[in-house]
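>>> just coords:
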């Protein structure tokens, strides 16, 4: 079955880079996603990557995909206090339903 | 102003009562989804619908029902058969021929 795993917590200092990691088990994963959730809110789509790509960059965000190891990472450059939130990794396979399988989330704490 | 709306933000019910959560989108998206989030966990798929008048069970459909009479609307009913209904419920939608999934702000349901 599908499984997505993330570490629970990451603490960084403001201005440093943050790297949030994720592993997944389904080798047929087609798209992999990163979402951000602030307290009491819905999920905000940050970025996603197609499985035939190795890297995607979008302003301060860099996504790296190692398909061989089934490892996905999100790097946030120049981390700000406003980046404090829970970050979810998710994946979908090309099954037609396009529903996502989520990890349990990584809480990022940015210290001033 | 386009987006996905869920109402109400907070909902309280007594055990044994059915309750319906609203989800509306004006993005002209074809597919809609309901997920459930429990504390410290990722999201789990309850039901999804790819087109009007058609919907499919997700991974945890027991005790829930949905309808899709209009493209814009995908209400979720939490029935008294759902053993642990207290949770944060998130609605999402996806455009045709896309894998981008967008989320509403969520409804927090508390059943006592």
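Perfect, I can see it now. Just so it is clear, the model here is predicted, and its values are computed rather than measured. Numbers count the residues shown, from 1 in each chain, chains lettered A, B, ... in the order given.
>>> how many neighbours does residue B:62 have?
Residue B:62 is flanked by 10 other residues according to other C-beta atoms under 10 Å in any protein chain shown. (C-beta placed from N, C-alpha, C; glycine too.)
>>> Name all residues that make contact with it.
Shown in contact with residue B:62 (C-beta atoms under 8 Å, 6 or more residues apart in numbering or on different chains): B:81, B:82.
>>> For it, give me phi and psi.
Main-chain dihedrals, residue B:62, degrees, to the nearest 10: phi -60, psi 130.
>>> how far away is it from residue A:25?
Note on residue B:62: its distance to residue A:25, by C-beta to C-beta, to the nearest Å, is 25 Å.
>>> again with residue A:39
According to C-beta to C-beta, residue A:39 and residue A:25 sit 30 Å apart.
>>> Pick out whichever of those two has more residues nearby.
More neighbours surround residue A:25 than the other of residue A:39 and residue A:25, with 13 against 7 (other C-beta under 10 Å).
>>> Give me the spatial nearest neighbour of that one, chain neighbours excluded.
residue A:3 (4.4 Å; C-beta to C-beta, 6 or more residues apart in numbering or on different chains).
>>> Surely the one you found is in contact with residue A:27?
No. With contact defined as C-beta atoms under 8 Å, residue A:3 and residue A:27 do not form a contacting pair (11.8 Å).
>>> Going by proximity to chain A, name the top residue of chain B.
residue B:42 (3.3 Å; C-beta to the nearest C-beta).
>>> re earlier: burial count for the residue nearest to residue A:25?
Residue A:3 has 12 neighbouring residues, counting by other C-beta under 10 Å.
>>> just the one 10 residues further on next, same as before
Residues contacting residue A:13 under the criterion other C-beta under 10 Å number 10.
>>> ditto for residue A:31
19.
>>> Return the residues in contact with it.
By C-beta under 8 Å, 6+ apart, residue A:31 lies in contact with A:48, A:49, A:50, A:51, A:91, A:92, B:99.
>>> for the residues you listed, which one is nearest residue B:27?
Closest approach to residue B:27 among these (C-beta to C-beta): residue B:99, at 15.0 Å.
>>> SS state for that closest one?
Per DSSP: H, G, I helix; E, B strand; the rest coil, the local secondary structure of residue B:99 is coil.
>>> Look up how far residue A:97 lies from it.
Residue B:99 is 11 Å from residue A:97, by C-beta to C-beta.
>>> and what of residue A:39?
30 Å.
>>> Tell me the residues on chain A that lie near chain B, please.
Residues of chain A lying close to chain B by C-beta under 8 Å from any C-beta of the partner chain are A:4, A:30-31, A:33, A:35, A:40-45, A:48, A:88, A:90, A:92, A:96-105.
>>> Just the buried residues out of these, in PyMOL syntax.
Command for PyMOL, covering only those of those found buried under the criterion 16 or more other C-beta atoms under 10 Å in any protein chain shown:
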select buried, chain A and resi 4+31+33+35+41+42+43+48+88+90+92+97+98+99+100+101+102+103+104+105
